[in-house]
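Undergrad: just coords:
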């Protein structure tokens, strides 16, 4: 194939990814603007005070031309912001943590009483490794399975993922490092789901590690010859993929995106034997690590001194697809109860397939499209990532102090928190859209992974934005890498409107 034809084909794929991302994220942006979190009814003076303070700071900076001073001390201010965000996180975990239901409650009860855990995990064996990892860490640090301790572990996973994201961006584009730090600091303040222990948060550092392995191979080992950096990158990539597979398989969309983009790049470029040989070797290393890790993990699952479970009551993947096609697309108590009454996996599969075909016939093509649009709204519109929405029960105790008043549903400032979290989410989505002109390979891989993740939530069990958390590394890296282009576009748009 001629080089010009290869370049045209790669460009076509890149354009499809870019515009698919812009259109889909644009729909999410419109849905987020329409979310009930933005309803002004119920807001208190806290919102006016916060927004007013921010406006005054901005006006003072503009009026007295303090931009140069801020630029001079930008790293000092950045460190202060990160410090404040870390203190805020610790206060939230220690002061707001309380018993929660659904899968988080099952995890905590399993850690408290392995006999109960054996019953719960027999029904949901996919939760075994998140539970076992929490158990192992509690044992290593001699901690009791209290909600505060579980959430401190959860928080460490979350923040370690953020640190790996910074290393990724440092290797890719150092000028994007500071914008990403500020975006992640904002997320550290608004992300209340760190007090919901489970796989959604625990998988994040493994996704970030998977990405780091890919980035190391692209930036430090790109000459095509096998070297130490290539081996290190492959090791990180493989361990990240293994951990993601064990904790939250749906988060492997990043692996699929990387594989798809790499195959497309290989297909549309000239083939060098040295590149092919290195790629084959890295593929063998990846398979060796993942398969051997899978064997070890299975041995741990079958022979451990914590919980012994079998997969006899496991629900099939088709059950998740059936839930995904049944409005509103999330958990369905009656459907799950009926599924658990069936004795064999074969019967459960047939029951799920019956529901799937019934739903497809019932919707029709137009109805299915309308259903997916509605489900996409429920999957993505909520900037709190599903806090008190989609799952139940959440925290039911009455708020005792200021922080609990902000985060508990019956608190006087709960809607203020919803509004601020939604404002942050809308701002992030807007910046992602405005950065559409950045089309480097890594950015396109991240965009593809984001769309694959959204597709998984459309087809399978979704219905609440908590499940978006597993795709946060892709989103945060995209924000960092496209921030400068997005900000320049925003300033040009602002100039056009101001000068009219």
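TA: Received, thanks. A quick note: this is a predicted structure, and the numbers were derived from the prediction, not measured.

Undergrad: what's the burial count for residue 53?
TA: Counted with other Cβ atoms under 10 Å, the neighbours of residue 53 add up to 10. To be clear about C-beta, it is placed using only N, CA and C from the backbone, and glycine gets the same treatment.

Undergrad: What helix or strand is it located in?
TA: Under the criterion of DSSP states H and E, residue 53 resides in helix 45-63.

Undergrad: In that helix, which residues are buried?
TA: Neighbour-count burial for helix 45-63 flags 46-47 (criterion: 16 or more other Cβ atoms under 10 Å).

Undergrad: Helices along the stretch 251-400 of the chain, start to end?
TA: 253-267, 273-302, 317-324, 333-341, 345-380 (DSSP state H, counting those that start in this stretch).

Undergrad: Report the buried residues of the second one.
TA: Read it as helix 273-302. For helix 273-302, a neighbour-count test (16+ other Cβ under 10 Å) marks 278, 282, 285-286, 289-290, 293, 297, 301 as buried.

Undergrad: on that earlier part again, confidence-wise, which of the helices of the stretch 251-400 of the chain is weakest overall?
TA: Among these, helix 333-341 has the lowest mean pLDDT, at a mean of 80.

Undergrad: Find the nearest non-adjacent residue to residue 128, please.
TA: Among residues not flanking residue 128 along the chain, residue 121 sits closest, at 5.3 Å (Cβ to Cβ, 6 or more residues apart in numbering).

Undergrad: Residue 153 sits in which helix or strand?
TA: Here residue 153, judged by DSSP H and E, is contained in helix 147-172.

Undergrad: Packing partners of the very next helix or strand once past that helix?
TA: Downstream of helix 147-172, the first helix or strand assigned by DSSP H and E is helix 177-190. Under the contact criterion of 3 or more Cβ pairs under 8 Å, 6 or more residues apart in numbering; DSSP states H and E, helix 177-190 touches helix 74-96, helix 147-172, helix 414-434, helix 472-499.

Undergrad: give me the low-pLDDT residue ranges for the protein?
TA: Scanning the chain with the threshold set as pLDDT under 70 gives 1-10, 62-66, 222-225, 269-274, 311-312, 498-500.

Undergrad: one more time with 50
TA: Where the chain drops to pLDDT under 50, the residues are 1.

Undergrad: Let's have the buried residues of helix 273-302 in JSON lines, adding distance to residue 77.
TA: Putting the buried residues of helix 273-302 into JSON lines (distance: Cβ to Cβ, whole Å) gives the following:
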{"residue": "278", "distance to residue 77": "43"}
{"residue": "282", "distance to residue 77": "41"}
{"residue": "285", "distance to residue 77": "43"}
{"residue": "286", "distance to residue 77": "41"}
{"residue": "289", "distance to residue 77": "41"}
{"residue": "290", "distance to residue 77": "43"}
{"residue": "293", "distance to residue 77": "42"}
{"residue": "297", "distance to residue 77": "44"}
{"residue": "301", "distance to residue 77": "48"}
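
Undergrad: Closest one of these to residue 31?
TA: Set against residue 31, the nearest of those by Cβ to Cβ is residue 290 (36.6 Å).

Undergrad: Leaving out chain neighbours, which residue sits closest to that closest one?
TA: Spatially, and ignoring its direct neighbours in sequence, residue 290 is nearest to residue 242 (5.3 Å; Cβ to Cβ, 6+ apart).

Undergrad: Which residues does the one helix or strand that neighbour maps to contact?
TA: If you go by DSSP H and E, residue 242 is part of helix 228-247. Applying Cβ atoms under 8 Å, 6 or more residues apart in numbering, the contact partners of helix 228-247 are 129-130, 133, 199, 202-203, 205-217, 220-221, 251-252, 254-255, 278, 282, 285-286, 289-290, 293-294, 297.

Undergrad: 6 Å - rerun?
TA: For helix 228-247, contacts defined as Cβ atoms under 6 Å, 6 or more residues apart in numbering pick out 129-130, 199, 202-203, 206-207, 209-210, 212-214, 216-217, 220-221, 251-252, 255, 282, 285-286, 289-290, 293, 297.

Undergrad: Filter those down to just the buried residues.
TA: The neighbour count (16+ other Cβ under 10 Å) marks 129-130, 199, 202-203, 206-207, 209-210, 212-214, 216-217, 221, 251-252, 255, 282, 285-286, 289-290, 293, 297 as buried among the contacts of helix 228-247.

Undergrad: how deep is residue 306 tucked in, by neighbour count?
TA: Other residues lying near residue 306 total 16 when counted by other Cβ under 10 Å.

Undergrad: Please report the distance of it from residue 283.
TA: Separation of residue 306 from residue 283 (Cβ to Cβ, to the nearest Å) stands at 34 Å.

Undergrad: sorry, back to before: only the buried residues of the helix holding residue 153, if you could.
TA: For helix 147-172, the neighbour count (16+ other Cβ under 10 Å) marks 147-155, 157-159, 161-162, 164-169, 172 as buried.

Undergrad: for stretch 377-396, same thing?
TA: Judged by neighbour count using 16+ other Cβ under 10 Å, the buried positions of stretch 377-396 are 377-391, 394-395.

Undergrad: end to end, how far does it reach?
TA: 26 Å (Cα to Cα, to the nearest Å).

Undergrad: tell me the SS of residue 467?
TA: Under the three-state scheme (DSSP: H, G, I helix; E, B strand; the rest coil), the conformation of residue 467 reads as helix.

Undergrad: Just give the nearest non-adjacent residue to it, would you?
TA: residue 457 (5.7 Å).

Undergrad: Kindly report the same for residue 213.
TA: Closest to residue 213 by Cβ to Cβ, 6+ apart is residue 237, at 2.7 Å.
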